[in-house]
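K.L.:
I'll drop the sequence and a predicted model, then ask my questions.
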Amino acid sequence: MGINICELQEKRLVDHLHSLKVKGEVIEKKRVESFGDQPDRKILVVKFKNRIIETNLDDSQFDRAEIGEQIWFVPPVPDRAPCNRHLFICMIVALIAGALAIWGIASYFHGKTAFLLSLVAAGWISVIAWARICSHEQNKCLQDLEMEIDFFETDGDDEQGDRE
C-alpha cells in the first residue's frame, strides 16, 4: 500500500478549509424533515459575499440564530464534480487512437500476430486514457479546493481557529 501524494494534498486542503471560520449573514432558517432513519436537520441559509450557503448547526446554535444576524460558520467542502466534457473528449481521442493503431497494425501484419499486437496496442491506449482521466479529475478537485480556500480567505472578517 503506497502513499498517494494527491490524496495527501487533498486531505491537507480539506483540513485547511475546515479550520477556517467566516462570518456571514443569516437569511433563512429551515428544517428538513427526516428521510428514512435520519433525524430532522436544521439548516441555516447564510449569505457570504455573493454566495448563498447552507450550513448545518447544532440545536442550540440554530435556536439562537436570528435572520439578519451575523454568525460564524465553517465553509462547506465542495462536492467532487466530474468534468464530463474533458472525459468525453479524452474518450473520443482514445477511441480514434485505438482505431488508428489497429488499422496500422492490421495493414502490416496478418493473422494471430496482427490480433495480438492490436490487442496490446488497444490495452495500452486504454490504460493511458484511464490514467489521464483520473489525473485530470484529481487535479480539478485540488483546483476547486484551492479556489474555495482563496474565496473564503480573501474576506477581511475571516479567521482561522475555533473562534465563535
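P.N.:
Thanks, I have it.

K.L.:
Could you tell me the per-residue confidence at the nearest residue to residue 51 once chain neighbours are set aside?
P.N.:
With sequence-adjacent residues excluded and distances taken as C-beta to C-beta, 6 or more residues apart in numbering, residue 51 is closest to residue 151, at 7.8 Å. Quick note: C-beta positions are derived from backbone N, CA and C, even for glycine. Residue 151 is assigned 90 on the pLDDT scale.

K.L.:
and residue 151, how many neighbours?
P.N.:
Residues lying near residue 151 (other C-beta atoms under 10 Å) number 16.

K.L.:
how does the protein divide up, domain by domain?
P.N.:
Domains of the chain are assigned by the TED database as 22-73, 85-154.

K.L.:
Would you mind finding the longest strand in the protein?
P.N.:
strand 20-32 (DSSP state E).

K.L.:
for the helix or strand following that one, what is the average pLDDT?
P.N.:
Of the helices and strands lying after strand 20-32 in sequence (DSSP states H and E), the nearest is strand 41-48. For strand 41-48, mean pLDDT is 87.

K.L.:
thinking again about what came up before, so which of the domains of the chain gets nearest residue 16?
P.N.:
Evaluated with C-beta to C-beta, the domains of the chain place domain 85-154 nearest to residue 16, the distance being 5.9 Å.

K.L.:
So what would you say the end-to-end distance of that closest one is?
P.N.:
30 Å (C-alpha to C-alpha, to the nearest Å).

K.L.:
ranking the domains of the chain by mean pLDDT, which is last?
P.N.:
Minimum mean pLDDT among those: domain 22-73, a mean of 84.

K.L.:
Give me the distance from it to the chain's centre.
P.N.:
23 Å (C-alpha atoms, centre = their mean, to the nearest Å).

K.L.:
and if you look at stretch 93-110?
P.N.:
Worked out by C-alpha atoms, centre = their mean, stretch 93-110 lies 35 Å from the chain centre.

K.L.:
Run through who's touching that stretch.
P.N.:
Stretch 93-110 is contacted from outside by 114, 117, 118, 121, 122, 125, 126, 128, 129, using C-beta atoms under 8 Å, 6 or more residues apart in numbering.
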